[in-house]
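Undergrad: Dropping a prediction and its sequence here:
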Amino acid sequence: MAPRRALPLVLALLASVLAACATEQGTPRPVDKGAGASDAGTSTGTSTTSAPTRPRELRFNGADPCTMLTQQQLQALGFTRPGSAGTDDLTGAPTCTWVVNGSAIQVIPVATEGIAFWADGKRLGRPTPIDPILGFPAITVTLPARPLNCDVMVDTADGQHLTATSTVVPGFEERFPEPCEGARMLAQDLVENLLRPGR
């Protein structure tokens, strides 16, 4: 993920965690054909017939991730400062990161590849199917070495997916939701907004 502007010390800590996560998750590795592995992906990143069906397509070409959440939603999640825009090193997609003392969230609307690029296990990171988010197939991607960071990725359209990330700084675990729960809450808010008529 892209470098962040200089903010308080917690931002430096969170930026290093988020950047390391993006770098490690994006490192190709041989496909493990053991338990849980599958051939879910295609060369174009579109969904396969074996994937759960989306209720509809949600496309966000050109979306500004810093405007994809309402102020009310951000406040409910515990974030009151403006988001910081950036670019995801792995996909080239725009990002927005919100930071408070001890935690950060990040939104990445990826318009160039589908969720299959993560779900097929070809990238470093542990993909795990989770309950659909408002009907849309979703996975978590975690790294065992970084238990306080979690990505929830939502299958929004062929060749596109939405990433919602939650990170907690060590020592602040009691103040914030568990990272994958926080990421799921964030993803649900994002999908709700994308479903609104006239967006």
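TA: Structure's in. What do you need?

Undergrad: would you list every one of the helices in this structure?
TA: Along the chain, counting by DSSP state H, helices occupy 9-25, 71-77, 116-119, 179-195.

Undergrad: comparing those, which gets the lowest mean pLDDT score?
TA: In terms of mean pLDDT, the lowest-scoring of the helices of the chain is helix 9-25 (a mean of 43).

Undergrad: So what sits opposite the one residue sitting closest to the centre of the chain in the bridge?
TA: Nearest to the mean C-alpha position of the chain, counting by C-alpha atoms, centre = their mean, stands Thr163 at 2.4 Å. Bridge pairing for Thr163 (DSSP bridges) gives the partners Ile108, Met153.

Undergrad: Quick one: residues contacting it.
TA: The contact partners of Thr163, taken as C-beta atoms under 8 Å, 6 or more residues apart in numbering, are Gln106, Val107, Ile108, Pro109, Val110, Asp151, Val152, Met153, Val154. (Each C-beta comes from the backbone N, C-alpha and C, glycine too.)

Undergrad: Which members of those are classed as buried?
TA: With neighbours counted by 16 or more other C-beta atoms under 10 Å, the contacts of Thr163 contain buried members at Gln106, Val107, Ile108, Pro109, Val110, Asp151, Val152, Met153, Val154.

Undergrad: a markdown table for those residues, including pLDDT and distance to Gly78?
TA: Output for these, formatted as a markdown table (pLDDT from 0 to 100; distance: C-beta to C-beta, whole Å):
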| residue | pLDDT | distance to Gly78 |
| --- | --- | --- |
| Gln106 | 98 | 14 |
| Val107 | 98 | 15 |
| Ile108 | 97 | 20 |
| Pro109 | 97 | 22 |
| Val110 | 96 | 25 |
| Asp151 | 96 | 19 |
| Val152 | 97 | 17 |
| Met153 | 96 | 22 |
| Val154 | 97 | 21 |
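
Undergrad: May I see those residues organised as a markdown table, with distance to Thr70 added?
TA: Shown next, in a markdown table, are the buried ones among the contacts of Thr163 (distance: C-beta to C-beta, whole Å):
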| residue | distance to Thr70 |
| --- | --- |
| Gln106 | 17 |
| Val107 | 13 |
| Ile108 | 18 |
| Pro109 | 16 |
| Val110 | 22 |
| Asp151 | 22 |
| Val152 | 19 |
| Met153 | 22 |
| Val154 | 18 |
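
Undergrad: Quickly name whichever of these is closest to Gln71.
TA: Set against Gln71, the nearest of these by C-beta to C-beta is Val107 (14.5 Å).

Undergrad: Quick check: the nearest residue to that closest one once chain neighbours are set aside vs Ala164, distance?
TA: What sits nearest to Val107 in space, not counting adjacent residues and going by C-beta to C-beta, 6 or more residues apart in numbering, is Pro65, at 4.2 Å. Pro65 sits 10 Å away from Ala164, going by C-beta to C-beta, to the nearest Å.
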